[in-house]
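Peer 1: Dropping a prediction and its sequence here:
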Amino acid sequence: MTLKELTGSQWAGTSVLWKDPLGDVAQVSDCTMAIDDGVLRYTWVYEGTAQEGWLRCRADGAEFHDSWHQNEPVACAPVTDSTAIVTVRYTYLENWGWRISLCHRGATDELVLQMTNVAPWGEEARAARMVCRRVTG
């Protein structure tokens, strides 16, 4: 599955956000995703407030924005050894990492947007995951 093949599709499902350092406490909300012209747009809710974000994909990586935790768009580098539809990464606070992957679960026709925090010492921690089923397209 490619991003181009998903153009015009809309998805709805559940978002999970892990804010605690151990990843034991999760906040769950409804979410949506839509794909058009190389841009994944998504919505979710944090403590009753609607949030939105996007991942604008390009040949040399992507640009990422999220109203809750990344107000200023950032440039992301491609991860070339991934089997996901799209996987990108960027660095913040000098040596912390952030990885974003968009995957398609073919057997269940679910779209999964996974965001992972990477500590300077290499430890990875789940940050957010959206799992959606196709609504249209």
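Peer 2: Received, thanks.
Peer 1: So which bits of the lowest-mean-pLDDT helix or strand in the chain are buried?
Peer 2: Scoring the helices and strands of the chain by mean pLDDT, DSSP states H and E places strand 70-78 at the bottom, with a mean of 92. Buried residues in strand 70-78, counted by 16 or more other C-beta atoms under 10 Å: 76, 78. Heads up, the C-betas are built off the backbone N, CA and C, glycines and all.
Peer 1: May I have it as CSV, with CA atoms only?
Peer 2: Below are the C-alpha coordinates for strand 70-78, written out as CSV (Å, rounded to 0.1, in the frame of the first residue of the first chain):
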residue,chain,number,x,y,z
GLN,A,70,4.3,20.6,17.6
ASN,A,71,2.8,24.0,16.7
GLU,A,72,5.7,25.0,14.5
PRO,A,73,6.0,22.6,11.5
VAL,A,74,9.3,20.7,11.5
ALA,A,75,11.2,19.0,8.7
CYS,A,76,11.5,15.2,9.1
ALA,A,77,14.1,13.0,7.5
PRO,A,78,13.0,9.7,5.8
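Peer 1: and it, what does it pack onto?
Peer 2: Strand 70-78 sits against strand 49-58, strand 61-66, strand 86-92, with contacts defined as 3 or more C-beta pairs under 8 Å, 6 or more residues apart in numbering; DSSP states H and E.
Peer 1: can you rerun that using 10 Å?
Peer 2: Strand 70-78 sits against strand 49-58, strand 61-66, strand 86-92, strand 96-105, with contacts defined as 3 or more C-beta pairs under 10 Å, 6 or more residues apart in numbering; DSSP states H and E.
Peer 1: Turn those strands into CSV, including distance to S9, mean pLDDT and mean neighbour count.
Peer 2: Formatted as CSV, the entries for the helices and strands packed on strand 70-78 read as follows, by distance: least, C-beta to C-beta, whole Å; pLDDT from 0 to 100; neighbours: other C-beta atoms under 10 Å:
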stretch, distance to S9, mean pLDDT, mean neighbour count
strand 49-58, 15, 96, 17
strand 61-66, 18, 95, 19
strand 86-92, 14, 95, 18
strand 96-105, 10, 96, 18
